[in-house]
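>>> Quick one: sequence and predicted model below, then my questions.
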Amino acid sequence: MDNHFDYELSQYLEFRDKDVCRRVRQITRQEITNSSADKLKIRVIEHETAFHFSYVMNIVAGIKRALDEGRKKYVLILPAPNPNYAFVAKMLNDLNIPCHHVHTFNMDEYADEEGRTAPKDWKGGFQYWMYHDLFDRIRPDLRMPEDQIHFPNTSNVNDYSTMLEDMGGADVCYGGIGWCGHIAFFEPHLGREFVGDIDGYLDQGSRIVDLHPITVCQNCLYADAGSAGDWSWVPPKAATIGPRDLKNSKLVSFWNGFGAGESVWQRFITRLAAFGPVTPLVPASILQMIDSELVLSGSVAADCSTETSERRIEIEI
């Protein structure tokens, strides 16, 4: 903190260790791949276009590799809708790659105040956009059977983690770190009772949760909320996977590349998750304990400076 103005962090935040925040904030672009956690590998893809192309290629290559190996099933946990999914579908179609061996489990879905998940036809929901951007774009002769496409919902959420375990766990769990540090919608306030019990935390599975205020703010910036900052469009709850589902995955592959230019909110939370303490109050910090990779865009990897730049407007008279 500034030596001339010290303050306690907001009570809305679960993790409030100022010294840790100061330390991780100072991690430079050159240092960010130097994780001391043996199980976490960090790499940077500098150019934004290359970053997004690599994400698409990573998904498609995994599907093709499993097919070539003759595997009967290839299980993916997929994160929230993303326009890049349309490129996944196009590549599968153009290369004639069958997906009959692919089983998908989406990370999460919105729910109302009673815990009732959004219907498939609600345009603010993840299920709607996953079909719009990905599943409905894959040619019918290549597409995975409908009963191999899964979303957490009111009926199955208490058994969703078991469904994944019955499949042998995910081959790859894709995702990204949320602004508050969440994984899927497993929010930091859910970790309060597990402080000091990380093993107990890692056993926590799918459920209906209350969304953290920072998550509501984050998600109202995206296209499915009109990119208008309309927090009234974001429901109060969600169905989500839990830490247990990441722990049981053969690989957790998180891709952090939201934003560009000066407003890149993943810069700080990436550093806190990867270089701070492993704590349930920063859910994504468990990446340090499980087989995982963290791929960063150049914008996210850039220095996390809080110094205010002087700005001048030159006025000609």
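Received the coordinates, thanks.
>>> Pull out the buried positions in stretch 74-94.
For stretch 74-94, burial by neighbour count (16 or more other CB atoms under 10 Å) applies to 74-82, 84-85, 87-89, 91-92. C-betas here are computed from N, CA, C, even on glycine.
>>> Out of the residues you listed, list just those in strands.
Here DSSP state E is the test, and these give 74, 75, 76, 77, 78 as lying in strands.
>>> Now render the residues you listed as a markdown table, adding distance to residue 230.
Shown next, in a markdown table, are those (distance: CB to CB, whole Å):
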| residue | distance to residue 230 |
| --- | --- |
| 74 | 37 |
| 75 | 35 |
| 76 | 31 |
| 77 | 28 |
| 78 | 25 |
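>>> quick one on the thing from earlier: with respect to pLDDT, which of the buried residues of stretch 74-94 ranks lowest?
pLDDT across the buried residues of stretch 74-94 is lowest for residue 81, at 83.
>>> for the stretch 101-250 of the chain, which spans come out with low pLDDT?
Across the stretch 101-250 of the chain, the ranges flagged by pLDDT under 70 are 223-227.
>>> Strands of that one, start to end?
Taking DSSP state E, counting those that start in this stretch as the test, the strands found in the stretch 101-250 of the chain are 102-106, 108-111, 149-150, 172-175, 207-210, 237-240.
>>> on contacts alone, who are the packing partners of the fourth one?
Judged by 3 or more CB pairs under 8 Å, 6 or more residues apart in numbering; DSSP states H and E, the packing partners of strand 172-175 are strand 74-78, strand 252-256.
>>> closest one to residue 143 among those strands?
Ranking those by proximity to residue 143 (CB to CB) places strand 74-78 first, at 14.0 Å.
>>> Report the inter-axis angle for the closest one versus strand 252-256.
Interaxial angle, strand 74-78 versus strand 252-256 (axes from the mean of the first three to the mean of the last three CA atoms, to 10 degrees): 40 degrees.
>>> Strand 74-78 to strand 102-106, inter-axis angle?
Taking the same axes, to 10 degrees, one finds that strand 74-78 is oriented at 20 degrees with respect to strand 102-106.
>>> Need the residues that contact strand 74-78.
With contact meaning CB atoms under 8 Å, 6 or more residues apart in numbering, strand 74-78 is reached by 59, 62-63, 66-67, 101-107, 130, 164, 167-175, 241, 245, 249.
>>> hmm, which of these are the buried ones?
Buried members of the contacts of strand 74-78, counted by 16+ other CB under 10 Å: 59, 62-63, 66-67, 101-107, 130, 164, 167, 169-175, 241, 245, 249.
>>> For burial, what's the neighbour tally of the nearest residue to residue 162 once chain neighbours are set aside?
Using CB to CB, 6 or more residues apart in numbering and skipping the chain neighbours, the partner closest in space to residue 162 is residue 205 (7.6 Å). When neighbours are counted by other CB atoms under 10 Å, residue 205 registers 21.
>>> Could you tell me how far residue 205 is located from residue 217?
Look at residue 205 and residue 217: by CB to CB, to the nearest Å, they are 27 Å apart.
>>> Adding distance to residue 153, write the helices and strands packed on strand 172-175 out as JSON lines.
Below are those laid out as JSON lines (distance: least, CB to CB, whole Å):
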{"stretch": "strand 74-78", "distance to residue 153": "15"}
{"stretch": "strand 252-256", "distance to residue 153": "23"}
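>>> Tell me which of the ones you listed lies nearest to residue 286.
strand 252-256 (8.9 Å).
>>> For that closest one, what is the distance to the chain centroid?
Centroid separation for strand 252-256 versus its chain: 7 Å, with CA atoms, centre = their mean, to the nearest Å.
>>> try stretch 167-181
So, by CA atoms, centre = their mean, the centroid of stretch 167-181 is 6 Å from its chain's centroid.
>>> From one end of that stretch to the other, what's the distance?
End-to-end distance for stretch 167-181: 28 Å, by CA to CA, to the nearest Å.
>>> can you check stretch 7-22 too?
With CA to CA as the measure, stretch 7-22 spans 13 Å from end to end.
>>> Residues in contact with that stretch: which ones?
Contact partners of stretch 7-22, identified using CB under 8 Å, 6+ apart, comprise 1, 180-181, 188-189, 191-192, 213-214, 268, 272, 276-277, 279, 281-282.
>>> again, 6 Å this time
For stretch 7-22, contacts defined as CB atoms under 6 Å, 6 or more residues apart in numbering pick out 188, 189, 213, 276, 281, 282.
>>> buried ones in stretch 233-253?
Here stretch 233-253 shows 233-235, 237-249, 252-253 as buried, counting by 16+ other CB under 10 Å.
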